[in-house]
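Student: pasting the structure only:
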């Protein structure tokens, strides 16, 4: 055996011993960002008695309280804790800056004049479904309220289908984990909270595109449907929705840490 081969063999043995002596650190999900949709000058969708921004905030604070009480090792960060406007890029930047390992957007839906009802959880992606595109277009149009929005969002036009081509490769590294968590949320809504689940869907949400971690946007129900509006306006209803998301998070955290 030549000197070069001996050196290679010794290097291999050293690397093996190093990996055996210093195992990779176990992954721990320690930081999440909860993002209550809309706020301030942006009310979001409207019901007969409600505003999306108010319901989203109340559910978000309840969700955070569940996590803080039962999982004190997890750091919970909110994009807002009061009725104020936060731009979409700022919401994502809060998550990125704090190196969050999960980003949860809380919203409520609306489709006036239609009998639509139920929950749905979105992950970043392109969809050929016109309804999903319309929801994303509505949520993304918030950027028109921001100063210099064309520069801040790199020329993105929320009304242009061509702009959504930018999303094709986005979030690919986090797509599987996002789907995993989204499915757990919808399973909880269906099996434990007693809501009608419209399933897990994909759409081009700008706030999800800007994040660098698994991210979902949860539509907790339709304010345009009177029974769902009443449910989401009630303290008990908000608590049920928040507890469902909390249980999904707890299950996801256990599962993802065991995989890693």
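Tutor: That came in fine, so what should we check first? Small disclaimer: the values here were computed from a predicted structure and weren't measured.
Student: what's the helix or strand for residue 65?
Tutor: Residue 65 is part of helix 52-70, with elements assigned from DSSP states H and E.
Student: so how far is that helix off the chain centroid?
Tutor: With C-alpha atoms, centre = their mean, to the nearest Å as the basis, helix 52-70 stands 14 Å off its chain's centre.
Student: what does the helix or strand hosting residue 133 contact?
Tutor: Per DSSP H and E: residue 133 is located in helix 130-140. Applying C-beta atoms under 8 Å, 6 or more residues apart in numbering, the external contacts of helix 130-140 come out as 37, 45, 88, 107, 109, 122, 127, 156, 158-159, 161, 164, 201-207, 217, 219. C-beta coordinates here come from the backbone N, C-alpha and C atoms, glycine included.
Student: just the buried ones from those, in PyMOL syntax?
Tutor: Applying 16 or more other C-beta atoms under 10 Å to these, the buried members can be selected in PyMOL as follows:
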select buried, resi 37+45+88+107+109+122+127+156+158+164+201+202+203+204+205+206+207+217+219
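Student: and the contacts of helix 130-140, which of them are in strands?
Tutor: Per DSSP state E, strands hold the following members of these: 107, 109, 122, 201, 202, 203, 217, 219.
Student: hey, which helix is longest across the protein?
Tutor: Ranked by residue count under DSSP state H, the longest helix found in the chain is helix 235-259.
Student: how about that one: buried residues?
Tutor: So, applying 16+ other C-beta under 10 Å, buried residues of helix 235-259: 237-253, 256.
Student: among the ones in strands among the contacts of helix 130-140, name the least confidently predicted one.
Tutor: Lowest pLDDT among the ones in strands among the contacts of helix 130-140: residue 203, with 85.
Student: so the residue nearest to residue 123 when sequence neighbours are not counted, which state does it fall into?
Tutor: Nearest non-adjacent residue to residue 123, counting by C-beta to C-beta, 6 or more residues apart in numbering: residue 178, 4.1 Å away. Going by DSSP: H, G, I helix; E, B strand; the rest coil, the secondary structure assigned to residue 178 is helix.
Student: verify the stated contact: residue 103 with residue 217.
Tutor: No - look at residue 103 against residue 217 with C-beta atoms under 8 Å: they stay out of range, at 9.1 Å.
Student: burial measure for the nearest residue to residue 39 once chain neighbours are set aside, as a count.
Tutor: Excluding its sequence neighbours, the residue lying closest to residue 39 (C-beta to C-beta, 6+ apart) is residue 53, at 4.9 Å. By other C-beta atoms under 10 Å, 25 other residues sit near residue 53.
Student: for the one 5 residues further on, same thing?
Tutor: Burial of residue 58 is recorded as 20 neighbouring residues (other C-beta under 10 Å).
Student: got the contact list for it?
Tutor: residue 238.
Student: mind checking pLDDT for it?
Tutor: Per the predicted model, pLDDT is 98 at residue 58.
Student: returning to that earlier point: go ahead and confirm the residue nearest to residue 39 touches residue 41.
Tutor: No - Residue 53 is beyond contact range of residue 41, at 9.7 Å (criterion: C-beta under 8 Å).
Student: look up which residues are beta-bridged to the residue positioned nearest the centre of the chain.
Tutor: Nearest to the geometric centre of the chain sits residue 216, at 2.4 Å (C-alpha atoms, centre = their mean). Beta-bridge pairing for residue 216 (DSSP bridges): residue 104.
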